[in-house]
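**Q** Okay, structure incoming, though there's no sequence with it:
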């Protein structure tokens, strides 16, 4: 046990955090599937406790369906949907919410147990409390997002989807970083070089691209301009501008897709430059260099996947794969940033 527990580290805690991170990744998968199948508004009420039990008989199913029939999405898009078709979208959203509850349970119960057993390094205590609070906030923001599509909109507000997905990716990155800290303990020495700072900037750029991708998803902007590298044969889309700055940034389909493309090019160029410099560096350890190459490979794969997904008009499987690859890319970049700050 002494090899796994030390005053500044706890490898059982690290394993627990990685399990929670895997569940968050599963939520990203199910959440992407829920959005792509148009299922996110199928449950029109927020019941944090009672909502864990799905409809159990025909009358309960009919009541849920009746509530869905009252919202604009049904009336303007899905009018005439059968109860069976409604059940298929309901299960996606129910599973997504169930996973959210499961993440909270799998975090909170072991946290209390590790706390009682005094297995949590003191230096990580405040951070773990912050992660738990972030998870709770994610649940509230999830309902806030859903509520935006229940009265006047056909879908959820894109900016709320961006915040919801951004919190999920932020939570995932925090879990990975903290798990690595719990596994390795204090760094015996920090690198007297700018690599740690550069790596954090790269994490920030990856995260920013994720947020732009969320705006593309929220505006269904992947369903237009499905040619590449041009957009309907033009370098710049003719309908780029919306009615005002915010309408352009957050709600113009052409603009959000254009922004996502431009930052993808920037990220790709930065990553390749970064990877070459990291490999040639005499300051980075060999494992850090391989992590840097892994980041470059992930970003290259994600770029190719993004182009293919766009040109095929976002089939569900590729849309989910693109979102999952974004999560894995962020995790790799966080791992490199963590390693680059240590010796």
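**A** Structure's in. What do you need? Since we're looking at a predicted model, the values are computed, not measured.

**Q** Now for residue 8: which residues touch it?
**A** Residues counted as contacts of residue 8 (Cβ atoms under 8 Å, 6 or more residues apart in numbering) are 121, 123, 185, 186. For every residue, glycine as well, the C-beta is placed using N, CA and C.

**Q** what's the answer for residue 83, then?
**A** Applying Cβ under 8 Å, 6+ apart, the residues near residue 83 are 61, 62, 65.

**Q** repeat for residue 94
**A** Neighbours of residue 94 in contact, by Cβ under 8 Å, 6+ apart: 43, 54.

**Q** and it, what element?
**A** Assessed by DSSP states H and E, residue 94 sits inside helix 83-116.

**Q** okay, now the residue nearest to residue 153 when sequence neighbours are not counted: neighbour count?
**A** Ranked by Cβ to Cβ, 6 or more residues apart in numbering and with sequence neighbours excluded, the top spatial neighbour of residue 153 is residue 72, at 6.7 Å. Residue 72 has 15 neighbouring residues, counting by other Cβ atoms under 10 Å.

**Q** picking that back up, counting neighbours, which bits of the helix holding residue 94 end up buried?
**A** Within helix 83-116, the residues scored as buried using 16 or more other Cβ atoms under 10 Å are 86-87, 89-100, 103-104, 107, 110-111, 114.

**Q** so where is this protein shaky, pLDDT-wise?
**A** 1-7, 187-193, 343 (pLDDT under 70).

**Q** can you list the domains in it?
**A** Here the domain assignment for the chain is 1-186, 187-343, based on automatic domain parsing.

**Q** Quick check: phi and psi on residue 9?
**A** Per-residue torsions, residue 9: phi -150, psi 160 (degrees, to the nearest 10).

**Q** so how far is residue 82 from it?
**A** 55 Å (Cβ to Cβ, to the nearest Å).

**Q** mind listing what residue 263 touches?
**A** Counted by Cβ under 8 Å, 6+ apart, residue 263 has contacts 205, 208, 209, 212.

**Q** can you give me the strands in this protein?
**A** 5-6, 9-10 (DSSP state E).

**Q** from memory the residue nearest to residue 153 sits against residue 154, does it?
**A** Yes. Taking contacts as Cβ atoms under 8 Å, residue 72 lies within contact range of residue 154: 5.5 Å.

**Q** can you map out the helices along the stretch 101-250 of the chain?
**A** 125-147, 158-184, 195-218, 245-246 (DSSP state H, counting those that start in this stretch).

**Q** Tabulate those helices (a markdown table), appending mean neighbour count and distance to residue 18.
**A** Shown next, in a markdown table, are the helices of the stretch 101-250 of the chain (neighbours: other Cβ atoms under 10 Å; distance: least, Cβ to Cβ, whole Å):
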| stretch | mean neighbour count | distance to residue 18 |
| --- | --- | --- |
| helix 125-147 | 16 | 13 |
| helix 158-184 | 21 | 5 |
| helix 195-218 | 20 | 18 |
| helix 245-246 | 10 | 39 |
